[in-house]
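Asker: mind looking at a prediction? Sequence and model below.
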Number of protein chains: 2
Amino acid sequence: MKHQHYHDSETLLRSKGLKSTPLRLAILDFLNEQSAPLAAEEISKGLSEIDFDRATLFRSLKTFSKAGILNMIDLGEGFHRYEKNCELHHHHHHIICTSCKKIEIVPFCVPDQFKKFLQGKGYRNVTHRMDFSGLCKSCA
Amino acid sequence: MKHQHYHDSETLLRSKGLKSTPLRLAILDFLNEQSAPLAAEEISKGLSEIDFDRATLFRSLKTFSKAGILNMIDLGEGFHRYEKNCELHHHHHHIICTSCKKIEIVPFCVPDQFKKFLQGKGYRNVTHRMDFSGLCKSCA
DNA sequence: TTAATAAATGCGACTTAGTTGCATTTACAT
DNA sequence: ATGTAAATGCAACTAAGTCGCATTTATTAA
């Protein structure tokens, strides 16, 4: 376990006013063990011992993302990835290897003045997405 | 016409070793007139006087993107947008309004040291994606 | 100018990621 | 213990894009 996560998925769900169900607990516990964001399909495979419907998984992932329990990440792969949104680690960006698809967190964010500039142009609630890709050391 | 584009789509296609066909010329001429990147569906509508197949459009857009004639842009909307990749204007980033979906080019790019850092970590051929969203002045 | 050929197209079926309607079941508050 | 809203399963659907294959077209070389 790389980062400190909410110790108790049940408590976490309750704190967001969401019901605690076996699937939901399994999803959150599974994501707690991950150090990189996973695709819905990967989560599904990781939970293969449990029997559940695809639609339910997608619904839960969406619900959790809206509730701020998960970050929904788009690395331009044509699908989303999900990671636990733990407070200690909440906003960050990624680099994905173009070959092995390994994902790492990068230790920087877009400069503040970019947002300020856009606010100066009249934009409100400015958010950003930024990610990198490249051939990683072990693939090169 | 906001920017200077290749004056002759036929010449452009030839220069990339691609065949010049009525649809391809229409796609490129149409995109020459746009100041914001368009989705395949929007291009399709803009070319409604011509009769062509969806698959052919997608194939052309892909071919053009690979050839560097178009930039394929992903603003996290669940589909791609395409814009002419004119030399004068080649690398840039966008902001999209969360309400009216108007897209503007932003006048900044990721700081050089980010790429240098990642190269220092062993990454090769590092590329990035960055885009912004927010409520634009007229929607606020 | 024409014939050869490689590339582009049309058609239809398919795929992937995700959504939706609806009936049923489950978690939780009382 | 029970009522109710939320969650689930199922099946059908959607949007964006892809693929195989037969046909047509643009370009090359004769």
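Answerer: Received, thanks.

Asker: tell me where chain A has strands.
Answerer: Ranges of strands within chain A are A:38-39, A:70-74, A:80-84, A:93-97, A:103-106, A:124-135, based on DSSP state E.

Asker: ok, which of the ones you listed comes nearest chain B?
Answerer: Chain B lies closest to strand A:124-135 among the strands of chain A, at 3.8 Å (CB to the nearest CB). For the C-beta atoms, the positions are set from N, CA and C on the backbone; glycine is no exception.

Asker: partners of the closest one in the sheet?
Answerer: strand A:93-97 (parallel), strand B:124-135 (antiparallel) (DSSP bridges).

Asker: from the ones you listed, which stretch is densest packed?
Answerer: Of all the strands paired with strand A:124-135, strand A:93-97 carries the top mean neighbour count, a mean of 21, counting by mean count of other CB atoms under 10 Å in any protein chain shown.

Asker: tilt between that strand and strand A:80-84?
Answerer: Counting by axes from the mean of the first three to the mean of the last three CA atoms, to 10 degrees, strand A:93-97 lies at 130 degrees to strand A:80-84.

Asker: for DNA strand C, which of the strands of chain A is the nearest?
Answerer: DNA strand C lies closest, by CB to the nearest atom of the strand, to one member of the strands of chain A: strand A:80-84, at 3.5 Å.

Asker: with mean pLDDT and distance to DNA strand C as extra columns, can I get the strands paired with strand A:124-135 in a markdown table?
Answerer: Below are the strands paired with strand A:124-135 laid out as a markdown table (pLDDT from 0 to 100; distance: least, CB to the nearest atom of the strand, whole Å):
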| stretch | mean pLDDT | distance to DNA strand C |
| --- | --- | --- |
| strand A:93-97 | 97 | 14 |
| strand B:124-135 | 97 | 17 |
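
Asker: dump the ones you listed to JSON lines, plus distance to DNA strand D.
Answerer: Shown next, in JSON lines, are these (distance: least, CB to the nearest atom of the strand, whole Å):
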{"stretch": "strand A:93-97", "distance to DNA strand D": "18"}
{"stretch": "strand B:124-135", "distance to DNA strand D": "15"}
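
Asker: leaving aside the residues next to it on the chain, what's closest to the residue most central in space within chain A?
Answerer: Chain A has A:Glu83 as the residue nearest its centroid, 2.7 Å off, counting by CA atoms, centre = their mean. Spatial nearest neighbour of A:Glu83, chain neighbours left out: A:Pro37 (3.9 Å); criterion: CB to CB, 6 or more residues apart in numbering or on different chains.

Asker: tell me who's in contact with A:Ile50.
Answerer: A:22-23, A:26 (CB atoms under 8 Å, 6 or more residues apart in numbering or on different chains).

Asker: what residues does chain A have near DNA strand D?
Answerer: A:18-19, A:21, A:23-24, A:51-53, A:55-56, A:59-60, A:63 (CB under 7 Å from any atom of the strand).

Asker: what about 10 Å?
Answerer: A:13, A:16-27, A:50-61, A:63-64, A:67, A:78 (CB under 10 Å from any atom of the strand).

Asker: got a list of what A:Lys137 touches?
Answerer: The contact partners of A:Lys137, by CB under 8 Å, 6+ apart, come to B:121-123.

Asker: let's go with 6 Å and repeat that
Answerer: B:Gly122 (CB atoms under 6 Å, 6 or more residues apart in numbering or on different chains).

Asker: pLDDT at it, what is it?
Answerer: The model reports A:Lys137 with a pLDDT of 97.

Asker: relative to A:Asn71, how far out is the residue nearest to the centre of chain A?
Answerer: 5 Å (CB to CB, to the nearest Å).

Asker: next one: A:Pro22
Answerer: 23 Å.

Asker: of the two, who's got more company?
Answerer: A:Asn71 (19 against 9; other CB atoms under 10 Å in any protein chain shown).

Asker: could you check the pLDDT of that one?
Answerer: A:Asn71 is given a pLDDT of 96.

Asker: contacts only, for it.
Answerer: A:83, A:85.

Asker: distance of it relative to A:Ile96?
Answerer: On the measure of CB to CB, A:Asn71 and A:Ile96 end up 15 Å apart.

Asker: give me the neighbour count for the residue nearest to A:Glu83.
Answerer: 21.

Asker: contacting residues for it?
Answerer: A:73, A:81-83.

Asker: tell me what angle the helix ranked longest in chain A forms with strand A:70-74.
Answerer: Ranked by residue count and defined by DSSP state H, the top helix of chain A is helix A:54-67. Here helix A:54-67 points in a direction 100 degrees away from that of strand A:70-74 (the same axes, to 10 degrees).
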